[in-house]
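> return a 3D structure for these sequence lines:
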Amino acid sequence: MIFFEIFDKNIENIVGIQKISEDEYDCNGDSFYEVFGWIKETLTEAEYKGKKVKLNKPFRTPQGPKKFAVYVKNKDGKVIKVNFGYPGMKIKKYDPKAKKSFAARHKCHLAKDKTTPRYWSCRAPLSKGSGYW
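All right, here's what the predicted structure looks like:
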């Protein structure tokens, strides 16, 4: 994040680079990501059991087995649905003590795999403007 802030401030001084959109740059006709060897994943929609779904966007499941679910791609490239959250519990996102206890109990600092419920329980923004834990 810091790299892009510095990059945005000095973009006028760099010859041959233009800002196309919020997160995309053009360097002498090539995409910024192509120049630096990064891959920009633009796929936000996919298909799951015949219906179009948005990837990496948690949603409530009113009749589902859990409180929330999210569609993600696994290592094989298949779209899977990850259910997470106990339906009967309240989310105490404004209580710092409860958040700290939750993070310690679930070992949120170790959750790296997006295909696990623990990852999403620890990191999902569960309402508009709530931000990440």
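
> where does this protein dip in pLDDT?
Within the chain, the ranges that satisfy pLDDT under 70 run 1-43, 125-133.

> ok, now how distant is residue 77 from residue 55?
Distance, residue 77 to residue 55, using Cβ to Cβ, to the nearest Å: 12 Å. Using the backbone N, CA and C atoms, a C-beta is placed for each residue, glycine as well.

> domain ranges for the protein?
Here the domain parsing of the chain from automatic domain parsing is 2-36, 45-123.

> more crowded one of residue 77 and residue 55?
Ranked by neighbour count (other Cβ atoms under 10 Å), residue 77 and residue 55 place residue 55 first, with 16 against 7.

> specify the beta-bridge partners of that one.
Beta bridges link residue 55 to residue 71, judged by DSSP bridges.

> quick one, what contacts it?
Counting by Cβ atoms under 8 Å, 6 or more residues apart in numbering, residue 55 makes contact with 43-46, 71-73, 79.

> okay, those in a markdown table with neighbour count next?
Listed next are those as a markdown table, based on neighbours: other Cβ atoms under 10 Å:
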| residue | neighbour count |
| --- | --- |
| 43 | 8 |
| 44 | 10 |
| 45 | 10 |
| 46 | 16 |
| 71 | 19 |
| 72 | 20 |
| 73 | 16 |
| 79 | 15 |
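
> columns secondary structure and distance to residue 103 on top of the residues you listed, output as JSON lines?
JSON lines is the format used below for these (DSSP: H, G, I helix; E, B strand; the rest coil; distance: Cβ to Cβ, whole Å):
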{"residue": "43", "secondary structure": "coil", "distance to residue 103": "30"}
{"residue": "44", "secondary structure": "coil", "distance to residue 103": "28"}
{"residue": "45", "secondary structure": "strand", "distance to residue 103": "31"}
{"residue": "46", "secondary structure": "strand", "distance to residue 103": "30"}
{"residue": "71", "secondary structure": "strand", "distance to residue 103": "25"}
{"residue": "72", "secondary structure": "strand", "distance to residue 103": "21"}
{"residue": "73", "secondary structure": "strand", "distance to residue 103": "26"}
{"residue": "79", "secondary structure": "strand", "distance to residue 103": "28"}
